[in-house]
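A.B. asks: sequence and computational prediction follow.
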Amino acid sequence: MNDVLDAFPVEESDVDLLRARLAAAAEADGILDVAYRTVDTPVGPLLLAATEQGLVRVAYPNQGHEAVLQALADRISPRVLHAPARLDPVARQLDDYFAGRRRRFDIPLDWRLSTGFRSTVLHHLATDVDYGHTASYGALAELAGNPRAVRAVGTACATNPLPVVVPCHRVVRSDGAIGNYAGGVEAKRTLLELEAA
Amino acid sequence: MAEFGPTVLRVVRAVLGPADADDAWSETFLAALRAYPQLPAGANVEAWLVTIAHRKAIDVTRAAARHAVPVADPPETRAEPDLPDLDLAAAVAALPPKQRQAVAYHYLTGLPYAEIAEILGGSADAARRAAADGIAALRRTIGANR
């Protein structure tokens, strides 16, 4: 009696509608711990995730969106839902940024995925290295108060939970080479060219 | 949890019919979201969701019974002979509750009878028998209409 399955067809659009309603109800009840959506950008579809405190994660496609969502469920809360509304302001600012109309992001950030020295590095990066400028790993280590921690700065950038918004793409090697990037070197080049324009 | 959205929708549609299914689905997932942090690691999420859906469906049925208004002429059930799937859905709707639930939980989700027995109460054998009786009744109904 496999026909029983065919007797109750479920369209993906039906479920999408219900999920959207669920996200709104969960948000209203204060039980939507992590809202996420994706946005299409010149560096590929970016996954955005926000807690009630603010933007908590930006992820490139090569980082595996499913894996990132699973990590958020494990580290923050299993109450993770596709809920674009909470991320609308971020999505709008990213659109403006990629269109060259915005030079800094004005959105609340939730820094909980970054701790210790890595967090110090990323905070300095977010405030001290402006649009259109770059800094070497060594210079950033100095800004963070530990000039010898060049490798740790590299790790902080590689594990940046908020790429693009916290601009680790502006950190390059002291010999002028572009260096590595969480989203791939091609993405880093695209962002630096955008900001140089 | 999100991956079971379609399965749970099928189940509540089969158990309740399309009119109340959306509400039961929403209630199920809201309750699941609330309780999710307490769910032990490694638990069978699908069985857990179907258990919640089962309870929510009972709530919906009871609420509907409380608010039921008697009508002079019961609305005609729509018969659409060239669409066998609708025949089958109607035949499922006509099953006694326990058979309908056993058929839905086993054939729409693939849950084993031991899990279904946990949801329905009673033994795994009783759940298997209810599903088998349900399927036999469906065969008779569909056969009679063709």
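C.D. replies: Thanks, I have it.
A.B. asks: every contact and neighbour count from this point should use C-alpha atoms.
C.D. replies: Noted.
A.B. asks: excluding chain neighbours, what is closest to residue 97?
C.D. replies: Using chain A. Nearest non-adjacent residue to A:Y97, counting by Cα to Cα, 6 or more residues apart in numbering or on different chains: A:R103, 6.4 Å away.
A.B. asks: to clarify, I was referring to chain B.
C.D. replies: B:V15 (7.8 Å).
A.B. asks: tally of neighbours for residue 130?
C.D. replies: Chain wasn't specified; assuming chain A. Look at A:D130: counted by other Cα atoms under 10 Å in any protein chain shown, it has 15 neighbours.
A.B. asks: wrong chain, I was asking about chain B
C.D. replies: When neighbours are counted by other Cα under 10 Å, B:A130 registers 20.
A.B. asks: SS state for A:A182?
C.D. replies: Secondary structure for A:A182, judged by DSSP: H, G, I helix; E, B strand; the rest coil, is coil.
A.B. asks: contact partners for it?
C.D. replies: Under the criterion of Cα atoms under 8 Å, 6 or more residues apart in numbering or on different chains, the neighbours of A:A182 are A:60, A:63, A:157-160, A:163.
A.B. asks: now, which of those lie close to chain B?
C.D. replies: Among these, not one lies near chain B by Cα under 8 Å from any Cα of the partner chain.
A.B. asks: which members of those residues occur in helices, if any?
C.D. replies: Counting by DSSP state H, the contacts of A:A182 place A:157-158 in helices.
A.B. asks: which helix of chain A spans the most residues?
C.D. replies: Secondary structure of chain A per DSSP H: the longest helix is helix A:12-29.
A.B. asks: what's the average pLDDT for that one?
C.D. replies: Averaged over helix A:12-29, pLDDT sits at 93.
A.B. asks: next helix or strand past it?
C.D. replies: Once the chain leaves helix A:12-29, the next helix or strand it forms, by DSSP states H and E, is strand A:34-39.
A.B. asks: list the buried residues in stretch A:92-104.
C.D. replies: A:93-95, A:97-98, A:104 (16 or more other Cα atoms under 10 Å in any protein chain shown).
A.B. asks: if you could redo that for stretch A:138-158, that was the one I meant.
C.D. replies: A:138-142, A:144, A:146, A:149-150, A:152-154, A:156-158.
A.B. asks: who's in contact with the worst-scoring helix or strand of chain B on mean pLDDT?
C.D. replies: None of the helices or strands of chain B scores lower by mean pLDDT, DSSP states H and E than helix B:84-93, at a mean of 80. With Cα under 8 Å, 6+ apart as the test, helix B:84-93 has contacts from A:3-4, A:6-8, B:14-17, B:79-81, B:100, B:138, B:141-142.
A.B. asks: state the distance from the closest residue to chain B within chain A to A:G44.
C.D. replies: The minimum distance from chain A to chain B, using Cα to the nearest Cα, falls at A:A7 (4.5 Å). Counting by Cα to Cα, to the nearest Å, the separation of A:A7 from A:G44 is 39 Å.
A.B. asks: more neighbours, those two?
C.D. replies: A side-by-side neighbour count of A:A7 and A:G44, using other Cα under 10 Å, places A:A7 first with 21 against 14.
A.B. asks: please report phi then psi for A:R103.
C.D. replies: Note on A:R103: its backbone torsions stand at phi -110, psi -20 [degrees, to the nearest 10].
A.B. asks: let me fix that: A:V172
C.D. replies: Dihedral pair for A:V172: phi -130, psi 170, per degrees, to the nearest 10.
A.B. asks: tell me the bridge partners for it.
C.D. replies: Judged by DSSP bridges, the bridge partners of A:V172 are A:S136.
A.B. asks: so who does it touch?
C.D. replies: Neighbouring residues of A:V172 by Cα under 8 Å, 6+ apart: A:134-137, A:178-179.
A.B. asks: cool, and A:P89?
C.D. replies: Residues near A:P89 by Cα under 8 Å, 6+ apart: A:I107.
A.B. asks: many thanks, have a good one.
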